[in-house]
Every structure is written in structure tokens, then in C-alpha cells.
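# Let's see this in three dimensions:
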Amino acid sequence: MALRRRLYGLVALCCLLASAALGQQAGQIVGVVTDSSGGVVPAITIKASEVATGFTQSTVTGEDGRFVFPNLRPTHYEISVESSGFRAFRRVGIELLANQNLTVNINLEVGAVTETVNVSGAAVQVNTTNSTLSEVVDNARIVDLVLNGRDVARLATVVPGMVIASVSTETGKAIPGGLRLASNGTQSRQVAFKLDGVSNTDFYFQDNQTFPFPDAVQEFSIQTSNYTAAQGNNAGAMVNVVTRSGSNQFHGGVFEFLRNRVFNARNYFASQRDFLKRNQYGGFVGGPIIKNKTFFFSGWQGTRIRTRVNDVTVFAPTSAQRRGDFGSTVVRDPATGQPFLNNQIPVSRFDPASVNVLKFIPEVGGDGRIVLGRNVGQDLDQFVTKVDHQLTPNDRVSVRYFIDHFDNASIYNDSNLLTYRGGSNQSRVRTQNTALSW
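Model prediction:
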């Protein structure tokens with residue numbers, strides 16, 4: 001019995017956590033049903049249907065004619081009403097955004113149910129439910145806006161009051177480029193980041209963990225002030241990214257974005273073109289597994305960066321030193337402690353290991369000074385997959401998995417050891433984020 005209670009408790013906890021995550025990225029539709037005289041109409045069944053998937057939820061108006069659809073997934077909806085004594089009502093073109101409280105009032109006309117009143121087009125909505133200040137960047141702007149490195153987190157800068165305080169370069173940072181955002185004058189470490197309502201914040205550095213690439217994102221939502229207690233934790237803004245879902249039609253695409261010094265223009269004040277070579281490529285696909293019931297979406301993006309860091313000055317053995325001639329520099333025999341004759345080390349005394357190492361270091365003249373650049377190679381792979389399933393008219397299960405693998409390994413050139421670049425302690429990092437909601 002004790003084991004059974006623990007299992008029940010674990011299931012209940014998972015459901016509560018999933019509900020909390022869903023509630024932090026879902027929206028709701030509320031409204032009042034009235035008749036042609038302006039009187040409220042109670043006990044009327046209202047249906048809200050997702051246009052893309054056909055998922056349908058229903059509710060009944062209260063005595064005051066009001067209705068509410070809580071925890072709706074952000075997408076396009078159709079609201080319909082059928083009741084005896086009134087013409088059927090249908091409103092299309094309703095777009096619900098993440099964390100939005102949308103008001104849709106319905107006016108029924110007397111007539112037969114076989115007659116239908118169709119309303120289309122979305123009017124400008126004023127939030128009359130709460131005082132939250134928020135902004136949503138939809139999928140069209142996410143895909144079309146120019147983003148540095150296709151980094152979705154940078155969309156925060158299109159919202160008034162949001163600025164990038166710094167780009168993380170701290171030692172030990174797993175994946176470089178994490179953003180510290182400041183909202184309306186708050187401190188830069190007070191912005192929370194979420195992915196589908198699940199925390200996506202690096203709690204050590206207080207910047208964002210990596211988000212999926214733009215083609216896998218449906219919406220980018222920011223609440224900058226007066227958000228509800230359901231968000232909590234941070235005094236700054238709440239950033240939430242919503243991943244895409246499948247629909248009743250198959251959609252997909254492939255892409256590649258290329259930057260190469262062959263195509264780049266030279267900076268007027270530079271002696272040569274920059275060395276950055278960056279390839280970002282991948283694809284995505286979504287569609288039905290069972291029409292009107294089960295859907296999937298999957299996508300992958302690979303990023304390959306090859307460049308050269310700032311030139312560094314190093315000293316290599318000169319041609320004379322390779323022959324054992326150190327000129328005016330006094331070189332003592334470690335066996336006797338006396339200087340070598342004419343500061344010339346006999347070649348027979350050279351350490352065989354040192355001789356072998358010299359094969360991998362280029363021969364230079366003069367004082368051995370050489371200026372060179374060290375190569376940088378970074379590989380980043382992202383994969384996201386999501387499945388939505390309708391259990392009953394009022395029960396939907398969704399599971400999403402996202403993995404990000406970063407490889408910042410050492411760069412080794414066997415023809416020139418001087419260009420070697422060692423990797424950091426965290427040269428290979430894998431982060432994962434999973435969301436399960438019911």
C-alpha cells in the first residue's frame with residue numbers, strides 16, 4: 001500500500017508540474033453570449049476548434065451568459081454555437097497568442113438552427129482581463145526577421161523596454177553567446193527564460209539556455225510587467241518560446257545559410273577579408289499521424305563555424321638555433337655546468353624527442369618572431385520533436401523533446417604546432433529539455 005501511495009503521489013506531482021508548465025504558455029478565450037435584445041443567454045454550449053488540427057473543446061455559459069476556455073494552445077481557432085431558437089453562429093479567423101487573454105463576445109440572432117451567421121476577420125483586441133504588459137512575436141516575424149546567427153533569443157530586442165545587457169563570455173560557460181537581458185530598467189539577471197512553459201534558464205549565469213532554431217518556433221512571447229503570480233520567480237521580464245506542432249496537412253522545408261570569405265567584402269581598413277566561414281543547414285517536417293487526432297513535428301539544424309581568432313605573436317627556434325648555434329646567448333652544459341664552446345650545442349647532444357617536435361614547427365629566420373592566427377572550429381547540432389494526441393474532447397496529451405549538442409574541440413594542424421588551439425574544460429556540451437503536458 002505504501003508503494004502504491006508513492007506511485008499515486010508521483011503521478012499527481014507530474015500532472016501538477018505539467019499543468020503549471022502548460023498554464024505558463026497557454027492562452028484563454030472568454031466572452032459573453034447575448035441575444036438580439038442585449039440580454040444574456042445562459043446554458044448555451046460553445047465550441048472552440050483548432051483550425052489546423054480539428055481539436056475541439058466545449059463549455060457551457062453560466063447564468064450571466066459568460067463562458068471561458070482556459071489553457072488553450074496558441075494557434076488559430078473557430079468558435080461555433082448551435083442552440084434551439086437561434087441561428088447557428090460561427091466565427092473564424094481567431095488567432096490566440098501565447099499567454100493571451102482573448103475576449104470574443106457572441107451575439108445570437110433568432111431563427112432556425114439551419115441558418116448560420118458567419119463572422120470572419122479579427123478585430124483589434126484590448127486586454128480587459130488583466131493588466132499584464134506583453135508582446136508576442138509570431139511565426140511570420142520569427143522566420144522573416146534577420147537574426148544574428150539565427151539566435152531566437154535575440155527576438156527579445158524587438159519588444160519595447162528590452163535591451164541586451166551583455167553577451168555571456170564568462171569562463172566555463174557551456175555554450176557561448178547566452179544573452180543577459182534587462183527589462184525596463186531592472187537588473188540584467190532578473191529575466192526568466194522558458195521553453196513551452198518549462199524553465200530554460202541557466203541558473204548559474206542567469207542567461208538563456210539555447211532555444212530551437214527559428215523554423216521550429218511558433219511564437220516568442222515576452223511579459224514585461226504586471227504578469228500574474230503563475231509566472232513568478234523573477235522581477236524582470238518573462239520570456240517564453242513556444243515550439244511548433246503538426247497539423248492535418250503535411251508541411252516541411254529545407255534550408256541553408258552560408259557565410260564565406262569568398263563572398264565577403266573586405267573592410268576598408270583591413271588588409272584582407274575576414275576568415276569567418278559559417279554554414280547553417282537543416283530541415284523540418286510536420287503533419288498528421290492520425291487525422292484530427294495525433295500529430296507530429298520534427299526538425300534539425302546543424303551549424304558549422306570555421307574562423308581564425310586574433311593574430312598572436314610567438315617565437316620559434318631560428319635556423320641557427322636548429323643547428324645548435326645560440327650566438328651570444330650563453331648556453332651551459334647541464335652535465336658539467338660549463339658553457340658550450342662558442343655557445344654551440346653539438347647536434348649529437350640534441351634530445352631525440354625535441355628533434356621530432358621540430359619537424360612540426362616551421363623554420364623561421366631573424367629572431368624567430370612569427371605572427372600567426374589560430375583556427376577556431378565549432379559544431380552545433382539541434383534536434384526537436386513534438387507529438388500531440390487528443391485523448392477525449394477535453395483531454396489532450398503533448399510531449400516535446402529538444403536536444404542541443406555543442407562541440408568546441410581542439411584544433412590540431414600536424415604541419416604547424418604553433419597554430420594549435422586547445423579546447424576548454426567544457427569543449428563538448430549536451431543540453432536537453434523535455435516537456436510533457438496533459
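# Can you pull up the most central residue in this structure?
Using C-alpha atoms, centre = their mean, the residue of the chain that lies closest to the mean C-alpha position is Phe211, 1.2 Å off.
# Under a three-state scheme, what state does that residue occupy?
Secondary structure of Phe211, reduced to three states by DSSP: H, G, I helix; E, B strand; the rest coil: coil.
# Nearest spatial neighbour of it, chain-adjacent residues omitted?
Distances taken as C-beta to C-beta, 6 or more residues apart in numbering place Val152 nearest to Phe211, at 4.3 Å, with adjacent residues excluded. (Each C-beta comes from the backbone N, C-alpha and C, glycine too.)
# Please tell me I have it right and that neighbour contacts Leu145.
No: taking C-beta atoms under 8 Å as the definition, Val152 is not a contact partner of Leu145, at 10.1 Å.
# So those two - more neighbours on which side?
More neighbours sit around Val152 than around the other of Val152 and Leu145, counting by other C-beta atoms under 10 Å; the figures are 22 against 12.
# Need phi/psi at the more buried one.
phi -60, psi -30 (degrees, to the nearest 10).
# and what of Val397?
With angles defined as degrees, to the nearest 10, Val397 shows backbone torsions of phi -110, psi 140.
# What are the neighbouring residues in contact with it?
388-389, 391, 436-438 (C-beta atoms under 8 Å, 6 or more residues apart in numbering).
# if we look at the sheet, which residues does it bridge to?
Counting by DSSP bridges, Val397 forms beta bridges with His389.
# for the stretch 101-250 of the chain, what are the low-confidence residue spans?
113-134, 168-177, 226-232 (pLDDT under 70).
# Can you pull the domain assignment for the protein?
Following the assignment in automatic domain parsing, the chain carries domains at 2-119, 133-310+376-437, 312-372.
# Distance across the shortest one, terminal residue to terminal residue?
This means domain 312-372. 6 Å (C-alpha to C-alpha, to the nearest Å).
# any idea of the pLDDT on Ser49?
On the pLDDT scale, Ser49 is placed at 90.
# tally of neighbours for Arg369?
Counted with other C-beta under 10 Å, the neighbours of Arg369 add up to 12.
# what's the distance between the nearest residue to Leu147 once chain neighbours are set aside and His251?
If you skip the residues right next to it in sequence, Leu147 has Arg154 as its closest partner in space, 5.4 Å away by C-beta to C-beta, 6+ apart. To His251, Arg154 is 25 Å away according to C-beta to C-beta, to the nearest Å.
# Kindly report the same for Asp196.
When Asp196 is compared with His251 (using C-beta to C-beta), they lie 20 Å apart.
# Between these two, tell me which one has more neighbours.
Relative neighbour count places Asp196 above the other of Asp196 and His251, with 26 against 13, counting by other C-beta under 10 Å.
# List phi and psi for the residue lying farthest from the centre of the chain.
No residue in the chain sits farther from the centre than Leu341, which is 66.5 Å out by C-alpha atoms, centre = their mean. Recorded main-chain torsions at Leu341 are phi -60, psi 120, according to degrees, to the nearest 10.
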